[in-house]
Each structure stands twice: as structure tokens, then as C-alpha cells.
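Enquirer: Next comes the sequence, and after it the predicted model I'd like to discuss.
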Amino acid sequence: MAKAADREKLRKDIILSTIEVFNDRGVIFTMSDVATNIHISKKTIYKEFDSKEELLDTVVDYIFDNIKAKEDEIMHDKSLSTIDRLRLILGAMPENYRDIDFQNVYPFLEKFPEVSRKMQYRLATGWENTISLIEQGKKEGVIRKNIDIRFVKVMLEASIEKVLSDDMLSRTGINYVDALNQIVDILVDGMIIK
């Protein structure tokens, strides 16, 4: 049992190191950088992950799983109104990811098409909480009845993709989380009944 827990901790340490090194070095980071950052050998990383692409694929799942956990936390916070929960869920970002330079993500996605597909899949799925809140808001009379979740999804996904693929963040000096919050505000404000 201890071996499985030790292995799981090692994998998590490698994932967190990858996120940290990616944020510091951007697209030019290497597996050696990840290993050096947590004082292990590169060989140890390759015992856990066959390739950089497999590691990045795992990082995508790790980040999205943590976002999903944050969404679940928001969904169960009954002190929030339906609209407040909807805003928070659409912009859900765990605190420890707020400093990631998401502008560096797009060049990676071009270099690793399988990781890109995984990220697009994760963005396109897992909308149950959002759908539930929109339906609840319609019943409560705080969200317009004619709102179609398919358009909400397309607008959010396209906005996120554009922000990640463009140099808009660096040109405007706005970080990803603030840009995401602005996008969410525009979307939600367009749905609510005033």
C-alpha cells in the first residue's frame, strides 16, 4: 500500500513540477528542467511517463480534474445564488492555477496534437453543472427562457481558444484569469433577466 501511495505522490510531484517549470520557462522547458526542479533524475520521470506528450496529457487531466472539483465545491455552496454559482462555475479555476501563464499553452498545443485534442475534449465535456444552473435559473425566472446551452458552450469555448491562440493577453497586459472573468461576465450578463 505504501508503494502505491509513494508512486502516486511522485507522479503528483512530477505533474506539479511540470506546471511550475512550464510557467517559468514556457514552451522551451525540458524533462531535465522538470527533474531538476524537484531534485530527481530524468530517468525517474521516464519510469512514470513514457514521453513528454504522455506527461502533458496527464497534466491536462490533472488540471481539468481539479477544475471539476472546484466546480463541485461551488455547486454545493448553498449560500450562493444561482447566478453567482453560474458565474463562478464558468470561470472555475483553482487558486494554485491562477498564476499559470496560459498564453504559453497554445504553442504547446500546436506541437502536441494529441494533447490538444485532449484539451479540446475536456473543454467540450463536463457541462452538467452549467446546464443544471441554467435550467434552474430559467425556473427561478432569473435567466431568459430562450437561452440555448449549445450557444453558451460555443461562445465560451471559442473565446477561450481565441484568448489562448492570440497574443491578446500579452498585448493588453491582462492575465488569463481576468480575461476569463470578463468573458464569463459578458456571457452571464447576456443571459440574465434584468
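Expert: Sure, I can see it.

Enquirer: By mean pLDDT, point me to the weakest helix or strand of the protein.
Expert: helix 105-111 (a mean of 73; mean pLDDT, DSSP states H and E).

Enquirer: Which elements pack onto that helix?
Expert: helix 113-124, helix 149-165 (3 or more C-beta pairs under 8 Å, 6 or more residues apart in numbering; DSSP states H and E). Every residue, glycine included, has its C-beta placed from N, CA and C.

Enquirer: Name the residues that touch that helix?
Expert: For helix 105-111, contacts defined as C-beta atoms under 8 Å, 6 or more residues apart in numbering pick out F22, G26, V27, L56, V115, S116, M119, L164, S165.

Enquirer: For the fifth one, give me its contacts.
Expert: What that stands for is V115. Counting by C-beta under 8 Å, 6+ apart, V115 makes contact with E53, L56, D57, V60, F108, L109.

Enquirer: in the protein, which spans are helices?
Expert: Along the chain, the segments classed as helices by DSSP state H run 2-25, 31-37, 42-48, 52-75, 82-90, 105-111, 113-124, 128-140, 149-165, 168-172, 176-191.

Enquirer: so for the fifth one, what's the average pLDDT?
Expert: Along helix 82-90, the predicted confidence averages to a pLDDT of 95.

Enquirer: Please export the C-alpha coordinates of it as CSV.
Expert: C-alpha atoms of helix 82-90 as CSV (Å, rounded to 0.1, in the frame of the first residue of the first chain):
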residue,chain,number,x,y,z
THR,A,82,-27.9,30.5,-8.9
ILE,A,83,-26.4,33.4,-10.9
ASP,A,84,-23.4,33.7,-8.6
ARG,A,85,-22.8,29.9,-8.9
LEU,A,86,-23.1,30.1,-12.7
ARG,A,87,-20.5,32.9,-12.8
LEU,A,88,-18.1,31.0,-10.6
ILE,A,89,-18.5,27.7,-12.4
LEU,A,90,-18.0,29.2,-15.8
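
Enquirer: Against P113, how distant is the residue nearest to the spatial centre of the chain?
Expert: With distances taken as C-alpha atoms, centre = their mean, F64 lies nearest the centre of the chain, 5.1 Å away. Distance, F64 to P113, by C-beta to C-beta, to the nearest Å: 18 Å.
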